[in-house]
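Engineer: need a structure here:
(chains A, B, C and D)
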Protein chains: 2
Amino acid sequence: MNLETKYWHLHNHKLMNVLSSAELKEICLITNFKTAKKGEIIYFSHDESSRVYTLKRGTIKIVEIDAKGNEIVKDILQEGDLFGQFTLTDETLDEYAVAMSDYITCCSFRLDDFEKVIERNPALALRYTKWMGFRLKRLENRYANLVFKDVRSRLISFLKDWATKEGSNNNNEIILKNYLTHQDIASLICSTRQTVTALFNDLKEKGALDYSRSEIIIKNMTLLT
Amino acid sequence: MNLETKYWHLHNHKLMNVLSSAELKEICLITNFKTAKKGEIIYFSHDESSRVYTLKRGTIKIVEIDAKGNEIVKDILQEGDLFGQFTLTDETLDEYAVAMSDYITCCSFRLDDFEKVIERNPALALRYTKWMGFRLKRLENRYANLVFKDVRSRLISFLKDWATKEGSNNNNEIILKNYLTHQDIASLICSTRQTVTALFNDLKEKGALDYSRSEIIIKNMTLLT
DNA sequence: AAGTAAATGTCGGCTAAATGACCAAATGGA
DNA sequence: TCCATTTGGTCATTTAGCCGACATTTACTT
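Structural biologist: The predicted model follows:
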(Lines give C-alpha, C1' and ligand atoms only; values in the text may rest on other atoms or scores of the structure.)
Protein backbone atom coordinates (compact mmCIF):
# COMPACT_ATOMS: atom_id res chain seq x y z
CA MET A 1 0.00 0.00 0.00
CA ASN A 2 1.63 3.25 -0.99
CA LEU A 3 1.37 6.40 1.01
CA GLU A 4 -0.83 8.27 -1.39
CA THR A 5 -3.49 5.61 -1.17
CA LYS A 6 -3.23 4.92 2.49
CA TYR A 7 -3.62 8.54 3.44
CA TRP A 8 -6.12 9.73 0.87
CA HIS A 9 -8.29 11.09 3.61
CA LEU A 10 -5.61 13.51 4.64
CA HIS A 11 -5.59 14.83 1.10
CA ASN A 12 -9.26 15.54 1.25
CA HIS A 13 -9.26 16.89 4.73
CA LYS A 14 -10.44 20.44 5.17
CA LEU A 15 -7.33 21.29 7.11
CA MET A 16 -4.84 19.19 5.26
CA ASN A 17 -5.55 20.04 1.68
CA VAL A 18 -3.23 23.03 1.79
CA LEU A 19 -0.30 20.70 2.32
CA SER A 20 1.96 19.58 -0.46
CA SER A 21 2.57 15.89 -1.03
CA ALA A 22 5.98 16.15 0.53
CA GLU A 23 4.65 17.74 3.65
CA LEU A 24 1.89 15.24 3.74
CA LYS A 25 4.39 12.42 3.83
CA GLU A 26 5.99 14.06 6.79
CA ILE A 27 2.79 13.90 8.77
CA CYS A 28 2.03 10.48 7.44
CA LEU A 29 5.22 9.11 8.87
CA ILE A 30 4.11 10.08 12.31
CA THR A 31 0.58 8.92 11.87
CA ASN A 32 -1.19 6.21 13.83
CA PHE A 33 -4.39 4.36 13.13
CA LYS A 34 -7.11 3.26 15.44
CA THR A 35 -10.41 1.53 14.87
CA ALA A 36 -13.31 0.93 17.19
CA LYS A 37 -16.73 -0.64 17.25
CA LYS A 38 -19.98 0.90 18.45
CA GLY A 39 -19.92 1.82 22.11
CA GLU A 40 -16.19 1.43 22.40
CA ILE A 41 -14.14 4.12 24.05
CA ILE A 42 -11.49 5.39 21.75
CA TYR A 43 -8.87 7.47 23.43
CA PHE A 44 -7.47 9.81 26.01
CA SER A 45 -5.11 7.47 27.69
CA HIS A 46 -3.44 9.69 30.20
CA ASP A 47 -0.05 8.07 29.87
CA GLU A 48 0.84 8.96 26.30
CA SER A 49 1.51 12.54 25.29
CA SER A 50 -1.02 14.91 23.76
CA ARG A 51 -2.46 13.68 20.51
CA VAL A 52 -4.59 15.15 17.78
CA TYR A 53 -7.02 12.86 15.99
CA THR A 54 -8.86 13.05 12.72
CA LEU A 55 -11.97 11.00 12.27
CA LYS A 56 -11.74 9.06 9.03
CA ARG A 57 -15.01 7.19 9.14
CA GLY A 58 -18.04 7.05 11.42
CA THR A 59 -19.56 9.14 14.16
CA ILE A 60 -18.27 9.67 17.64
CA LYS A 61 -19.23 11.66 20.68
CA ILE A 62 -16.88 13.47 23.01
CA VAL A 63 -17.93 12.89 26.59
CA GLU A 64 -16.92 14.39 29.87
CA ILE A 65 -17.64 12.85 33.25
CA ASP A 66 -17.84 14.67 36.54
CA ALA A 67 -17.10 13.41 40.03
CA LYS A 68 -20.58 11.99 40.52
CA GLY A 69 -20.46 10.11 37.23
CA ASN A 70 -22.84 12.40 35.36
CA GLU A 71 -21.90 12.53 31.73
CA ILE A 72 -22.09 15.51 29.47
CA VAL A 73 -21.77 15.14 25.73
CA LYS A 74 -19.47 17.90 24.59
CA ASP A 75 -19.63 17.23 20.89
CA ILE A 76 -20.84 14.94 18.16
CA LEU A 77 -18.24 14.53 15.44
CA GLN A 78 -18.30 13.10 11.99
CA GLU A 79 -16.01 12.19 9.13
CA GLY A 80 -13.26 14.71 8.65
CA ASP A 81 -13.55 16.33 12.04
CA LEU A 82 -10.59 16.89 14.30
CA PHE A 83 -10.53 16.14 17.98
CA GLY A 84 -8.13 15.48 20.80
CA GLN A 85 -5.81 17.41 23.00
CA PHE A 86 -4.88 20.67 21.33
CA THR A 87 -3.23 22.13 24.34
CA LEU A 88 -0.61 20.63 26.54
CA THR A 89 -2.43 20.50 29.82
CA ASP A 90 -1.51 18.64 32.94
CA GLU A 91 -5.01 18.72 34.31
CA THR A 92 -6.31 15.70 32.49
CA LEU A 93 -10.03 16.08 32.39
CA ASP A 94 -12.15 12.98 32.54
CA GLU A 95 -12.89 13.23 28.89
CA TYR A 96 -13.02 10.60 26.21
CA ALA A 97 -14.52 9.70 22.86
CA VAL A 98 -17.14 7.03 22.29
CA ALA A 99 -17.90 5.40 18.95
CA MET A 100 -21.54 5.90 17.99
CA SER A 101 -21.61 4.19 14.60
CA ASP A 102 -20.76 0.56 13.98
CA TYR A 103 -17.23 0.99 12.77
CA ILE A 104 -15.16 4.05 13.16
CA THR A 105 -11.65 4.74 11.99
CA CYS A 106 -9.45 7.57 13.05
CA CYS A 107 -5.82 8.42 12.82
CA SER A 108 -3.70 10.49 15.11
CA PHE A 109 -0.41 12.30 15.44
CA ARG A 110 1.42 13.72 18.36
CA LEU A 111 0.61 17.34 19.04
CA ASP A 112 4.22 18.43 18.99
CA ASP A 113 4.80 16.77 15.64
CA PHE A 114 1.76 18.53 14.33
CA GLU A 115 3.09 21.79 15.67
CA LYS A 116 6.39 21.28 13.90
CA VAL A 117 4.55 20.95 10.63
CA ILE A 118 2.51 24.01 11.38
CA GLU A 119 5.61 25.98 12.10
CA ARG A 120 6.94 25.21 8.66
CA ASN A 121 3.65 25.75 6.91
CA PRO A 122 2.04 29.16 7.44
CA ALA A 123 -0.88 28.43 5.17
CA LEU A 124 -1.81 25.44 7.27
CA ALA A 125 -1.31 27.51 10.38
CA LEU A 126 -3.79 30.06 9.17
CA ARG A 127 -6.32 27.38 8.36
CA TYR A 128 -5.83 25.74 11.69
CA THR A 129 -6.26 29.09 13.36
CA LYS A 130 -9.53 29.75 11.56
CA TRP A 131 -10.79 26.32 12.37
CA MET A 132 -10.09 26.93 16.04
CA GLY A 133 -11.92 30.22 15.73
CA PHE A 134 -15.01 28.40 14.59
CA ARG A 135 -14.78 25.93 17.41
CA LEU A 136 -14.49 28.81 19.82
CA LYS A 137 -17.46 30.54 18.30
CA ARG A 138 -19.56 27.41 18.52
CA LEU A 139 -18.70 26.81 22.11
CA GLU A 140 -19.47 30.43 22.89
CA ASN A 141 -22.89 29.99 21.38
CA ARG A 142 -23.53 26.88 23.40
CA TYR A 143 -22.46 28.69 26.51
CA ALA A 144 -24.71 31.65 25.83
CA ASN A 145 -27.57 29.27 25.05
CA LEU A 146 -27.14 27.56 28.35
CA VAL A 147 -27.15 30.83 30.23
CA PHE A 148 -29.96 32.60 28.47
CA LYS A 149 -32.38 29.99 27.26
CA ASP A 150 -34.59 27.45 29.00
CA VAL A 151 -34.56 23.76 28.13
CA ARG A 152 -37.37 24.06 25.61
CA SER A 153 -35.64 26.72 23.52
CA ARG A 154 -32.36 24.88 23.78
CA LEU A 155 -33.95 21.75 22.39
CA ILE A 156 -35.58 23.69 19.59
CA SER A 157 -32.46 25.52 18.54
CA PHE A 158 -30.65 22.22 18.70
CA LEU A 159 -33.18 20.67 16.34
CA LYS A 160 -33.05 23.62 13.99
CA ASP A 161 -29.27 23.47 13.86
CA TRP A 162 -29.40 19.80 13.18
CA ALA A 163 -31.98 20.28 10.45
CA THR A 164 -29.92 22.85 8.58
CA LYS A 165 -26.79 20.75 8.88
CA GLU A 166 -28.05 17.28 8.09
CA GLY A 167 -31.72 17.52 7.23
CA SER A 168 -32.94 16.02 3.98
CA ASN A 169 -35.96 17.75 2.53
CA ASN A 170 -39.01 15.73 1.55
CA ASN A 171 -42.04 17.72 0.34
CA ASN A 172 -42.14 20.29 3.12
CA GLU A 173 -40.92 17.87 5.71
CA ILE A 174 -37.37 17.70 6.97
CA ILE A 175 -36.14 14.26 7.81
CA LEU A 176 -33.34 13.68 10.27
CA LYS A 177 -31.74 10.29 10.36
CA ASN A 178 -31.43 9.89 14.09
CA TYR A 179 -28.52 8.22 15.78
CA LEU A 180 -29.13 9.88 19.13
CA THR A 181 -31.21 8.66 22.04
CA HIS A 182 -33.22 11.05 24.16
CA GLN A 183 -30.51 10.59 26.72
CA ASP A 184 -27.88 11.73 24.22
CA ILE A 185 -29.88 14.75 23.23
CA ALA A 186 -30.53 15.56 26.86
CA SER A 187 -26.87 15.65 27.73
CA LEU A 188 -26.09 17.65 24.61
CA ILE A 189 -28.50 20.38 25.63
CA CYS A 190 -27.75 19.91 29.32
CA SER A 191 -31.03 18.51 30.50
CA THR A 192 -32.49 15.17 31.51
CA ARG A 193 -33.94 12.26 29.58
CA GLN A 194 -37.41 12.72 31.04
CA THR A 195 -37.60 16.38 30.19
CA VAL A 196 -36.51 15.77 26.61
CA THR A 197 -39.06 12.99 26.19
CA ALA A 198 -41.80 15.22 27.55
CA LEU A 199 -40.83 18.05 25.23
CA PHE A 200 -40.73 15.75 22.22
CA ASN A 201 -44.22 14.55 22.97
CA ASP A 202 -45.46 18.06 23.45
CA LEU A 203 -44.02 19.10 20.09
CA LYS A 204 -45.55 16.02 18.50
CA GLU A 205 -48.99 16.88 19.93
CA LYS A 206 -48.69 20.41 18.59
CA GLY A 207 -47.99 18.98 15.14
CA ALA A 208 -44.49 20.37 14.86
CA LEU A 209 -42.80 17.03 14.40
CA ASP A 210 -43.02 13.29 14.44
CA TYR A 211 -40.44 10.81 15.53
CA SER A 212 -39.42 7.24 15.98
CA ARG A 213 -36.21 5.79 17.29
CA SER A 214 -34.56 5.94 13.92
CA GLU A 215 -35.68 9.30 12.63
CA ILE A 216 -37.10 12.69 13.46
CA ILE A 217 -39.43 14.34 10.98
CA ILE A 218 -39.93 18.05 11.30
CA LYS A 219 -43.37 18.62 9.85
CA ASN A 220 -43.82 22.28 10.50
CA MET A 221 -40.97 24.62 11.21
CA THR A 222 -43.23 27.47 12.25
CA LEU A 223 -44.85 25.35 14.95
CA LEU A 224 -41.44 24.52 16.32
CA THR A 225 -41.55 27.01 19.14
CA MET B 1 7.05 60.06 18.25
CA ASN B 2 8.88 57.23 16.56
CA LEU B 3 7.41 53.83 15.93
CA GLU B 4 9.54 51.99 18.43
CA THR B 5 8.30 54.15 21.25
CA LYS B 6 4.73 54.35 20.17
CA TYR B 7 4.35 50.63 19.91
CA TRP B 8 6.47 49.44 22.79
CA HIS B 9 3.59 47.41 24.11
CA LEU B 10 3.55 45.29 21.00
CA HIS B 11 7.15 44.43 21.71
CA ASN B 12 6.29 43.17 25.14
CA HIS B 13 3.16 41.40 24.12
CA LYS B 14 3.03 37.68 24.76
CA LEU B 15 2.02 37.08 21.19
CA MET B 16 4.02 39.74 19.52
CA ASN B 17 7.44 39.32 21.02
CA VAL B 18 8.37 36.76 18.42
CA LEU B 19 8.12 39.40 15.73
CA SER B 20 11.13 41.22 14.37
CA SER B 21 11.19 44.99 14.32
CA ALA B 22 10.56 45.00 10.61
CA GLU B 23 7.51 42.82 10.91
CA LEU B 24 6.38 44.88 13.83
CA LYS B 25 6.40 47.97 11.69
CA GLU B 26 4.21 46.20 9.22
CA ILE B 27 1.57 45.64 11.85
CA CYS B 28 2.11 49.07 13.26
CA LEU B 29 1.25 50.66 9.97
CA ILE B 30 -2.17 49.13 10.14
CA THR B 31 -2.69 49.81 13.80
CA ASN B 32 -5.37 51.98 15.35
CA PHE B 33 -5.66 53.47 18.80
CA LYS B 34 -8.66 53.89 21.00
CA THR B 35 -9.06 55.18 24.50
CA ALA B 36 -12.03 55.08 26.85
CA LYS B 37 -13.03 56.13 30.35
CA LYS B 38 -14.64 53.99 33.03
CA GLY B 39 -18.02 52.67 32.01
CA GLU B 40 -17.56 53.59 28.38
CA ILE B 41 -18.32 51.07 25.70
CA ILE B 42 -15.35 50.45 23.51
CA TYR B 43 -16.10 48.56 20.38
CA PHE B 44 -17.90 46.12 18.16
CA SER B 45 -19.36 48.51 15.68
CA HIS B 46 -21.08 46.23 13.24
CA ASP B 47 -20.28 48.32 10.19
CA GLU B 48 -16.51 48.03 10.05
CA SER B 49 -14.82 44.76 9.27
CA SER B 50 -13.55 42.29 11.83
CA ARG B 51 -10.92 43.69 14.14
CA VAL B 52 -8.56 42.27 16.69
CA TYR B 53 -7.71 44.39 19.71
CA THR B 54 -4.92 44.35 22.23
CA LEU B 55 -5.46 45.98 25.55
CA LYS B 56 -2.58 48.30 26.31
CA ARG B 57 -3.67 49.65 29.67
CA GLY B 58 -6.54 49.07 32.06
CA THR B 59 -9.21 46.47 32.67
CA ILE B 60 -12.23 45.74 30.53
CA LYS B 61 -15.07 43.29 30.52
CA ILE B 62 -16.55 41.59 27.50
CA VAL B 63 -20.30 41.61 27.75
CA GLU B 64 -23.06 39.90 25.87
CA ILE B 65 -26.70 40.93 25.99
CA ASP B 66 -29.68 38.75 25.24
CA ALA B 67 -33.08 39.72 23.91
CA LYS B 68 -34.47 40.56 27.33
CA GLY B 69 -31.51 42.78 28.15
CA ASN B 70 -29.88 40.42 30.61
CA GLU B 71 -26.16 40.82 30.50
CA ILE B 72 -23.61 38.09 30.83
CA VAL B 73 -19.97 38.93 31.42
CA LYS B 74 -17.98 36.69 29.15
CA ASP B 75 -14.55 37.75 30.22
CA ILE B 76 -12.50 40.14 32.29
CA LEU B 77 -9.38 41.22 30.45
CA GLN B 78 -6.24 43.03 31.48
CA GLU B 79 -3.13 44.56 30.06
CA GLY B 80 -1.69 42.54 27.23
CA ASP B 81 -4.81 40.51 26.53
CA LEU B 82 -6.25 40.13 23.08
CA PHE B 83 -9.90 40.43 22.24
CA GLY B 84 -12.18 41.11 19.32
CA GLN B 85 -13.55 39.28 16.36
CA PHE B 86 -11.28 36.40 15.48
CA THR B 87 -13.66 34.88 13.05
CA LEU B 88 -15.43 36.48 10.18
CA THR B 89 -19.00 35.94 11.20
CA ASP B 90 -22.11 37.49 9.78
CA GLU B 91 -24.19 36.77 12.84
CA THR B 92 -23.12 39.78 14.86
CA LEU B 93 -23.80 38.93 18.44
CA ASP B 94 -24.81 41.65 20.81
CA GLU B 95 -21.42 41.73 22.33
CA TYR B 96 -19.21 44.58 23.38
CA ALA B 97 -16.43 45.64 25.69
CA VAL B 98 -16.84 47.96 28.67
CA ALA B 99 -14.02 49.83 30.38
CA MET B 100 -13.80 48.93 34.07
CA SER B 101 -10.81 50.99 35.11
CA ASP B 102 -10.55 54.75 34.87
CA TYR B 103 -8.57 54.99 31.68
CA ILE B 104 -8.05 52.23 29.23
CA THR B 105 -6.06 52.19 26.03
CA CYS B 106 -6.19 49.61 23.34
CA CYS B 107 -5.07 49.31 19.79
CA SER B 108 -6.48 47.30 16.96
CA PHE B 109 -5.79 45.95 13.52
CA ARG B 110 -7.96 44.45 10.88
CA LEU B 111 -8.22 40.70 11.14
CA ASP B 112 -7.19 40.14 7.54
CA ASP B 113 -4.11 42.28 7.94
CA PHE B 114 -3.23 40.32 11.02
CA GLU B 115 -3.70 37.13 9.08
CA LYS B 116 -1.36 38.30 6.37
CA VAL B 117 1.35 38.80 8.95
CA ILE B 118 0.67 35.41 10.45
CA GLU B 119 0.95 33.80 7.07
CA ARG B 120 4.44 35.18 6.67
CA ASN B 121 5.52 34.40 10.21
CA PRO B 122 5.39 30.75 11.25
CA ALA B 123 6.64 31.37 14.77
CA LEU B 124 3.87 33.84 15.39
CA ALA B 125 1.43 31.44 13.81
CA LEU B 126 2.33 28.73 16.26
CA ARG B 127 2.01 31.11 19.18
CA TYR B 128 -1.31 32.34 18.00
CA THR B 129 -2.44 28.78 17.59
CA LYS B 130 -1.46 27.89 21.14
CA TRP B 131 -3.05 30.99 22.52
CA MET B 132 -6.32 30.08 20.88
CA GLY B 133 -6.00 26.62 22.31
CA PHE B 134 -5.85 28.09 25.78
CA ARG B 135 -8.88 30.23 25.15
CA LEU B 136 -10.75 27.17 24.02
CA LYS B 137 -9.67 25.22 27.05
CA ARG B 138 -10.75 27.97 29.38
CA LEU B 139 -14.14 28.27 27.82
CA GLU B 140 -14.56 24.52 27.99
CA ASN B 141 -13.85 24.65 31.68
CA ARG B 142 -16.38 27.38 32.21
CA TYR B 143 -18.92 25.41 30.30
CA ALA B 144 -18.29 22.27 32.30
CA ASN B 145 -18.46 24.29 35.51
CA LEU B 146 -21.81 25.66 34.55
CA VAL B 147 -23.18 22.23 33.77
CA PHE B 148 -21.80 20.30 36.69
CA LYS B 149 -21.50 22.66 39.59
CA ASP B 150 -23.99 24.63 41.63
CA VAL B 151 -23.68 28.35 42.26
CA ARG B 152 -21.76 27.91 45.48
CA SER B 153 -19.01 25.79 43.97
CA ARG B 154 -18.84 28.06 40.96
CA LEU B 155 -18.27 31.06 43.19
CA ILE B 156 -15.63 29.23 45.16
CA SER B 157 -13.70 28.02 42.16
CA PHE B 158 -13.96 31.53 40.75
CA LEU B 159 -12.43 32.94 43.92
CA LYS B 160 -9.70 30.33 43.98
CA ASP B 161 -8.82 31.06 40.37
CA TRP B 162 -8.73 34.72 41.09
CA ALA B 163 -6.56 34.18 44.15
CA THR B 164 -3.94 32.18 42.27
CA LYS B 165 -3.88 34.67 39.43
CA GLU B 166 -3.91 37.98 41.25
CA GLY B 167 -3.80 37.30 44.96
CA SER B 168 -1.12 38.97 47.07
CA ASN B 169 -0.08 36.97 50.08
CA ASN B 170 -0.07 38.61 53.53
CA ASN B 171 0.77 36.36 56.48
CA ASN B 172 -1.56 33.49 55.62
CA GLU B 173 -4.17 35.74 54.13
CA ILE B 174 -4.68 36.30 50.45
CA ILE B 175 -5.74 39.79 49.50
CA LEU B 176 -7.62 40.47 46.30
CA LYS B 177 -7.88 44.04 45.15
CA ASN B 178 -11.49 44.03 44.06
CA TYR B 179 -12.76 45.93 41.08
CA LEU B 180 -15.88 43.83 40.70
CA THR B 181 -19.30 44.36 42.22
CA HIS B 182 -21.43 41.47 43.38
CA GLN B 183 -23.40 42.04 40.23
CA ASP B 184 -20.27 41.61 38.10
CA ILE B 185 -19.27 38.45 39.90
CA ALA B 186 -22.79 37.14 39.62
CA SER B 187 -22.87 37.49 35.88
CA LEU B 188 -19.39 36.00 35.57
CA ILE B 189 -20.49 32.85 37.35
CA CYS B 190 -23.97 32.98 35.86
CA SER B 191 -26.00 33.75 38.92
CA THR B 192 -27.76 36.70 40.52
CA ARG B 193 -26.62 39.55 42.69
CA GLN B 194 -28.68 38.41 45.65
CA THR B 195 -27.35 34.89 45.59
CA VAL B 196 -23.75 36.08 45.43
CA THR B 197 -24.30 38.47 48.32
CA ALA B 198 -25.85 35.71 50.39
CA LEU B 199 -22.99 33.34 49.64
CA PHE B 200 -20.40 35.96 50.51
CA ASN B 201 -22.02 36.50 53.87
CA ASP B 202 -22.23 32.82 54.51
CA LEU B 203 -18.51 32.41 53.76
CA LYS B 204 -17.75 35.38 55.97
CA GLU B 205 -19.72 33.87 58.85
CA LYS B 206 -17.86 30.60 58.45
CA GLY B 207 -14.58 32.50 58.73
CA ALA B 208 -13.39 31.70 55.22
CA LEU B 209 -13.08 35.28 54.09
CA ASP B 210 -13.70 38.92 54.78
CA TYR B 211 -14.57 41.61 52.34
CA SER B 212 -15.33 45.22 51.70
CA ARG B 213 -16.17 46.97 48.47
CA SER B 214 -12.54 47.47 47.61
CA GLU B 215 -11.02 44.13 48.57
CA ILE B 216 -11.62 40.51 49.35
CA ILE B 217 -9.47 38.83 51.97
CA ILE B 218 -9.35 35.07 51.92
CA LYS B 219 -8.56 34.16 55.50
CA ASN B 220 -8.75 30.41 55.33
CA MET B 221 -8.52 28.46 52.12
CA THR B 222 -9.57 25.20 53.73
CA LEU B 223 -12.82 26.72 54.95
CA LEU B 224 -13.56 27.90 51.43
CA THR B 225 -15.97 25.11 50.60
C1' DA C 1 -22.14 68.33 55.77
C1' DA C 2 -25.70 67.09 53.25
C1' DG C 3 -27.69 64.88 49.53
C1' DT C 4 -27.69 61.49 45.99
C1' DA C 5 -26.51 57.48 43.56
C1' DA C 6 -24.61 53.06 43.68
C1' DA C 7 -23.71 48.90 46.04
C1' DT C 8 -24.97 45.60 49.51
C1' DG C 9 -28.32 43.01 52.75
C1' DT C 10 -32.45 40.27 53.61
C1' DC C 11 -36.63 37.81 52.87
C1' DG C 12 -40.66 35.10 51.17
C1' DG C 13 -42.82 33.48 47.20
C1' DC C 14 -42.41 31.05 43.02
C1' DT C 15 -41.18 27.99 39.23
C1' DA C 16 -38.51 25.34 35.90
C1' DA C 17 -36.66 21.34 35.86
C1' DA C 18 -34.12 17.68 38.30
C1' DT C 19 -34.93 13.27 40.71
C1' DG C 20 -36.59 8.82 41.49
C1' DA C 21 -39.65 5.20 40.65
C1' DC C 22 -42.01 2.33 37.80
C1' DC C 23 -44.06 0.62 33.46
C1' DA C 24 -44.44 -0.06 28.33
C1' DA C 25 -42.51 -0.47 23.90
C1' DA C 26 -38.93 -1.42 20.72
C1' DT C 27 -34.81 -3.65 19.38
C1' DG C 28 -31.55 -7.13 18.70
C1' DG C 29 -29.22 -11.38 19.64
C1' DA C 30 -29.40 -16.47 20.45
C1' DT D 1 -39.44 -17.11 18.48
C1' DC D 2 -38.40 -15.78 22.91
C1' DC D 3 -35.93 -13.30 26.17
C1' DA D 4 -33.05 -9.52 27.76
C1' DT D 5 -31.57 -5.04 27.27
C1' DT D 6 -32.15 -0.62 25.83
C1' DT D 7 -35.04 3.14 25.01
C1' DG D 8 -39.04 5.77 25.69
C1' DG D 9 -43.40 7.37 28.63
C1' DT D 10 -45.47 9.25 32.78
C1' DC D 11 -46.09 11.01 37.30
C1' DA D 12 -45.49 12.70 42.02
C1' DT D 13 -42.05 14.93 44.80
C1' DT D 14 -38.39 18.02 45.82
C1' DT D 15 -35.27 21.85 45.33
C1' DA D 16 -31.93 25.31 43.89
C1' DG D 17 -31.84 29.54 43.08
C1' DC D 18 -34.37 33.33 40.48
C1' DC D 19 -37.28 37.25 41.11
C1' DG D 20 -39.28 41.15 43.08
C1' DA D 21 -39.45 44.42 46.86
C1' DC D 22 -37.55 46.98 50.18
C1' DA D 23 -34.11 48.46 53.79
C1' DT D 24 -29.49 49.70 54.81
C1' DT D 25 -24.88 50.96 54.03
C1' DT D 26 -21.09 53.01 51.46
C1' DA D 27 -19.07 56.20 48.32
C1' DC D 28 -19.04 60.33 45.71
C1' DT D 29 -20.25 65.14 44.57
C1' DT D 30 -20.90 69.92 45.42
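
Engineer: residues in chain A within reach of DNA strand D, list them.
Structural biologist: A:T181, A:H182, A:Q183, A:R193, A:Q194, A:T197, A:A198, A:F200, A:N201, A:R213 (C-beta under 7 Å from any atom of the strand). Every residue, glycine included, has its C-beta placed from N, CA and C.

Engineer: Mind checking which of those are in helices?
Structural biologist: A:H182, A:Q183, A:R193, A:Q194, A:T197, A:A198, A:F200, A:N201 (DSSP state H).

Engineer: Could you turn the buried ones of these into a ChimeraX selection?
Structural biologist: Buried members of these, defined by 16 or more other C-beta atoms under 10 Å in any protein chain shown, are picked up in ChimeraX with:
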select /A:182,200
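
Engineer: Can you tell me the number of residues neighbouring A:I72?
Structural biologist: 18 (other C-beta atoms under 10 Å in any protein chain shown).

Engineer: Spit out the contact partners of it.
Structural biologist: A:V63, A:E64, A:I65, A:D66, A:S187, A:C190, B:A144, B:V147, B:F148 (C-beta atoms under 8 Å, 6 or more residues apart in numbering or on different chains).

Engineer: Just want the phi and psi numbers for the third one.
Structural biologist: This means A:I65. phi -120, psi 140 (degrees, to the nearest 10).

Engineer: can you map out the strands along chain A?
Structural biologist: A:32-37, A:51-57, A:60-65, A:71-77, A:82-84, A:95-99, A:103-110, A:168-170, A:173-177, A:209-211, A:215-218 (DSSP state E).

Engineer: farthest-separated two in the ones in helices among the residues of chain A next to DNA strand D?
Structural biologist: Maximum pairwise distance in those, criterion C-beta to C-beta, is 15.6 Å, between A:Q183 and A:N201.

Engineer: hey, which helix or strand in chain A has the poorest pLDDT?
Structural biologist: helix A:3-6 (a mean of 42; mean pLDDT, DSSP states H and E).

Engineer: wait, what's in contact with the residue of chain A found nearest chain B?
Structural biologist: Taking C-beta to the nearest C-beta, chain B has its nearest neighbour within chain A at A:A125, 3.4 Å off. Neighbouring residues of A:A125 by C-beta under 8 Å, 6+ apart: A:I118, A:E119, B:I118, B:E119, B:P122, B:A125, B:L126, B:Y128, B:T129.

Engineer: quick one: the first one from B:L82, how far?
Structural biologist: So the one you mean is A:I118. According to C-beta to C-beta, to the nearest Å, A:I118 stands 19 Å off from B:L82.

Engineer: so how far is the longest helix along chain A off the chain centroid?
Structural biologist: For chain A, the helix with the greatest residue count under DSSP H is helix A:122-148. How far helix A:122-148 lies from its chain's middle: 13 Å, per C-alpha atoms, centre = their mean, to the nearest Å.

Engineer: Show me which residues of that helix are buried.
Structural biologist: Counting neighbours by 16+ other C-beta under 10 Å, helix A:122-148 gives A:122, A:124-133, A:135-137, A:139-140, A:142-145, A:148 as buried.

Engineer: What of stretch A:174-190?
Structural biologist: Buried, per 16+ other C-beta under 10 Å, within stretch A:174-190: A:174-176, A:178, A:180, A:182, A:184-190.

Engineer: need those residues in TSV with pLDDT, can you?
Structural biologist: Formatted as TSV, these follow (pLDDT from 0 to 100):
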residue	pLDDT
A:I174	92
A:I175	92
A:L176	91
A:N178	86
A:L180	91
A:H182	95
A:D184	92
A:I185	94
A:A186	94
A:S187	90
A:L188	93
A:I189	94
A:C190	93
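
Engineer: need those in a markdown table with distance to chain B, can you?
Structural biologist: Compiled in a markdown table, those are given as follows (distance: C-beta to the nearest C-beta, whole Å):
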| residue | distance to chain B |
| --- | --- |
| A:I174 | 21 |
| A:I175 | 26 |
| A:L176 | 23 |
| A:N178 | 23 |
| A:L180 | 18 |
| A:H182 | 18 |
| A:D184 | 15 |
| A:I185 | 15 |
| A:A186 | 12 |
| A:S187 | 9 |
| A:L188 | 11 |
| A:I189 | 10 |
| A:C190 | 5 |
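
Engineer: Tell me which two in those residues are the farthest apart.
Structural biologist: Top of the distance list for the buried residues of stretch A:174-190 (C-beta to C-beta): A:I175 and A:C190, 25.9 Å.

Engineer: Could you give the number of residues near the closest residue to A:G133 other than its chain neighbours?
Structural biologist: What sits nearest to A:G133 in space, not counting adjacent residues and going by C-beta to C-beta, 6 or more residues apart in numbering or on different chains, is B:T87, at 3.9 Å. Using other C-beta under 10 Å, B:T87 is surrounded by 17 other residues.

Engineer: Could you pull up the residues touching A:Y53?
Structural biologist: A:K34, A:I42, A:Y43, A:L82, A:F83, A:G84, A:A97, A:C106, A:C107, A:S108.

Engineer: can you rerun that using 10 Å?
Structural biologist: A:32, A:34, A:42-44, A:60, A:77, A:81-85, A:97, A:106-109 (C-beta atoms under 10 Å, 6 or more residues apart in numbering or on different chains).

Engineer: which among the residues you listed end up buried?
Structural biologist: A:42-44, A:60, A:77, A:81-85, A:97, A:106-109.

Engineer: gap between the closest residue to A:K177 other than its chain neighbours and A:R154?
Structural biologist: Excluding the flanking residues, the one nearest A:K177 by C-beta to C-beta, 6+ apart is A:E215, at 5.7 Å. Note on A:E215: its distance to A:R154, by C-beta to C-beta, is 21 Å.

Engineer: who's more crowded, the two?
Structural biologist: Taking other C-beta under 10 Å, A:E215 and A:R154 do not tie; A:R154 has more neighbours (19 against 13).

Engineer: give the contact list for A:L180.
Structural biologist: Contacts of A:L180 by C-beta under 10 Å, 6+ apart are A:T59, A:K61, A:V73, A:I76, A:M100, A:W162, A:A186, A:S187, A:L188, A:R213, A:I216.

Engineer: how about the most centrally placed residue in chain A, what does it touch?
Structural biologist: With distances taken as C-alpha atoms, centre = their mean, A:L77 lies nearest the centre of chain A, 2.1 Å away. For A:L77, the contacting residues are A:53-55, A:58-62, A:83, A:97, A:100, A:104, A:106, by C-beta under 10 Å, 6+ apart.

Engineer: mind giving me the domain split of chain A?
Structural biologist: With domains defined by automatic domain parsing, chain A comprises A:3-146, A:150-223.

Engineer: what's the first-to-last distance across the shortest one?
Structural biologist: Separation of the first and last residues of domain A:150-223 by C-alpha to C-alpha, to the nearest Å is 18 Å.
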